[in-house]
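In: starting from these lines, generate the structure:
(one chain, ligands or ions: 2)
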Amino acid sequence: MKESLIALSTVYAPMVGVPALLFVYVLSLVFGLGVLGSVSFILVMIGLLVFGVSGLRDVYFHKNNPRAVKIGREFIEVKPKQEEKASDKNKRAVTFRVMRFHPETQTLKEQDYEIETNRFSTVLDGLLNIKAANDPTLAVRYSCRMGICGSCGMVINGRPSLACEKNVWNSAKNGSIEISPMLGHPLLKDLVTDFDDFFERHILTNPYLFRTDLSEKYNPTKEYPQTKEQLNKFLPFSYCIMCGLCVDACPVINTNPSFVGPQALSQVYRYYADSRDEAGKNRLEHVDLLNGVWDCEFSGSCSEVCPKGVDPAFAIQLLKMEVIKDDFTAIK
Ligand code: SF4
Ligand code: FES
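Out: Numbering: from 1, shown residues only. Ligands and ions are numbered 1, 2, ... in the order given. Below you'll find the model as predicted:
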């Protein structure tokens, strides 16, 4: 109420009153009304004085509080100290302890980088910041930055992970993160590994739908319909993004490189279980080997690290079952 009265008297009254009194003053001059003219003249002067004082007050506030924001007649001051405190809370210095591979000397060497991160920073963001601001020689492979392309696999705090999916603050222990390349793949430089062997194994699984009727395959006239049950049989295994984390985590392939490996075997099952595929038993022949499904010890570490929930360990056990079923059918 008090504020409204002040606003009324200091702003709105002079705003409306001054022009009105001026009009009265002019009328009194025209019609020769001396007393009314003098009174309206004095009131006009008072109104202008009030306007002037409030204007001067605004100028004074702005000069002394450049951060003040005027809302109606009031000045709200933004307190810089509070702002700084809030931004401090959103920043944190984290040490990236990176195990770098030097191809010239074929050695691994640890290097520390301290960088500023915010609560949304991923490990990949941090590494790219290091490249941009600290050390452009650091080699990192990435593409999508959103867990789709499978390029940024590395070992973070001892666990094969996608760098673009790991939050820095959640991963840091005592203010630091340990990062190394995936030693289950040949090393190229720093955190970048060679995937040639990995892709060759994948290609050997014939990762495509096999159809016996080639004319229908190349000139299809309709879709290949599937029921929900038929789709669910292979769908989880089709989510593989070929990041190679499962291969890095697999204790078998890391001791016996002849083992086909979890990624390739899971993809054999993915196509074998697809009702549209007509390769049938031929797919089983490629995995019914000592270095095929029978070398898997079911440690489950491949499924543990898979960022897409593919569960290669389960796929291998399903393949084993299919091989046994097939053997029994042959005996009968
Ligand atoms: S199975 Fe999982 S961990 Fe292995 S390559 Fe595919 S997505 Fe990566
Ligand atoms: S950058 Fe593509 S999965 Fe990480």
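
In: any idea which helix is longest in this structure?
Out: helix 34-64 (DSSP state H).

In: gap between that one and the chain center?
Out: Centroid separation between helix 34-64 and its chain, computed with CA atoms, centre = their mean, to the nearest Å, is 59 Å.

In: pLDDT of that helix, averaged?
Out: For helix 34-64, the mean pLDDT works out to 74.

In: check which helices and strands it sits against.
Out: For helix 34-64, the packing partners by 3 or more CB pairs under 8 Å, 6 or more residues apart in numbering; DSSP states H and E come out as helix 13-31, strand 68-71. Just so you know, the C-beta spots here come from the backbone N, C-alpha and C atoms, and that holds for glycine as well.

In: try it again with 10 Å
Out: Here helix 34-64 touches helix 13-31, strand 68-71, strand 74-77, going by 3 or more CB pairs under 10 Å, 6 or more residues apart in numbering; DSSP states H and E.

In: now tell me what touches the longest one from outside.
Out: Defining contact as CB atoms under 10 Å, 6 or more residues apart in numbering, one finds that helix 13-31 is touched by 7, 9, 33-52, 54.

In: give me the angle between that helix and helix 34-64.
Out: 150 degrees (axes from the mean of the first three to the mean of the last three CA atoms, to 10 degrees).

In: just the buried positions in helix 13-31, please.
Out: Under the neighbour-count criterion of 16 or more other CB atoms under 10 Å, helix 13-31 has 14, 17, 18, 21, 22, 24, 25, 28 buried.

In: columns pLDDT and distance to residue 292 on top of those residues, output as CSV?
Out: Formatted as CSV, the buried residues of helix 13-31 follow (pLDDT from 0 to 100; distance: CB to CB, whole Å):
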residue, pLDDT, distance to residue 292
14, 61, 94
17, 71, 97
18, 70, 97
21, 73, 102
22, 75, 101
24, 75, 106
25, 77, 107
28, 78, 111
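
In: for the chain, what lies in contact range of ligand 2?
Out: 142, 143, 144, 145, 147, 148, 149, 150, 151, 152, 162, 164 (CB under 6 Å from any ligand atom).
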